[in-house]
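Asks: Kindly generate the corresponding structure for this input.
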Amino acid sequence: MEFYILTTVKLIVGLVVVLLILRLLGRKELAQITPMDMVFVVMLASIYAGMATDNSVHVGRLVITLLIWGVLILILERIKSRKKIHKILEGEPKIIVSNGKVNRDLLERENMTEKELKMQLRSEGIFHIEEVELAILEISGYISVKRKE
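Replies: Presented below is the predicted three-dimensional model:
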């Protein structure tokens, strides 16, 4: 019975700390989440899940570990605002289609198929690559498109 009570307390306390950390990080739409953001969230969830269910870990240790991870995330978020570091950690948008011509080298480097590119263009209402003046592969993986006039 003690196991269940301790686990429940740690889950509740940990959840409050995780929600606090996520609140401090600010709001982003799902489309704005970068690969680095995803790593932050997955690691936070892993720390939380692993420690919350391990009864050898005290509640205080769980909270401190989560807070340390949260502070590390906040520090990295601040550092990312510097242009060079942001480029290294997050990458940068890249032109994938210019004047109806696909940059096949970029497609290959980004592990993207032409079929995936066309699917994203269709979601933007573009059914022929020749209709595209400019398509940019954003760091989130989405494609921003400017149609030819």
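Asks: which parts of the helix or strand bottoming out on mean pLDDT in the chain are buried?
Replies: Taking mean pLDDT, DSSP states H and E as the measure, helix 83-90 is the helix or strand of the chain with the lowest mean score, a mean of 75. Residues of helix 83-90 classed as buried: 86, 89 (neighbour count, 16 or more other CB atoms under 10 Å). Quick note: C-beta positions are derived from backbone N, CA and C, even for glycine.
Asks: what's the answer for stretch 52-69, then?
Replies: By neighbour count with 16+ other CB under 10 Å, stretch 52-69 contains the buried residues 52, 62, 63, 65, 66, 69.
Asks: immediately after the least confident helix or strand of the chain, which helix or strand?
Replies: strand 94-98 (DSSP states H and E).
Asks: Run the chain-centre distance for that following strand.
Replies: Centre-to-centre, strand 94-98 and its host chain are 22 Å apart (CA atoms, centre = their mean, to the nearest Å).
Asks: likewise stretch 139-148?
Replies: Between the centre of stretch 139-148 and the centre of its chain there are 17 Å (CA atoms, centre = their mean).
Asks: what's the average pLDDT for it?
Replies: For stretch 139-148, mean pLDDT is 88.
Asks: Between its first and last residues, how far does it reach?
Replies: 23 Å (CA to CA, to the nearest Å).
Asks: again with stretch 46-58
Replies: Its first and final residues considered, stretch 46-58 spans 17 Å by CA to CA.
Asks: The residue lying closest to residue 103 once chain neighbours are set aside: what's it in contact with?
Replies: Closest residue in space to residue 103, ignoring its immediate chain neighbours: residue 96 at 5.4 Å, by CB to CB, 6 or more residues apart in numbering. Residues in contact with residue 96 (CB atoms under 8 Å, 6 or more residues apart in numbering) are 102, 103, 106, 107, 110, 112, 117, 135, 136, 137, 143.
Asks: distance of residue 96 from residue 136?
Replies: From residue 96 across to residue 136, the span is 7 Å (CB to CB, to the nearest Å).
Asks: With residue 73 instead?
Replies: For residue 73 relative to residue 136 (CB to CB), the value is 27 Å.
Asks: who's more crowded, these two?
Replies: More crowded of residue 73 and residue 136, by other CB atoms under 10 Å: residue 73, with 21 against 16.
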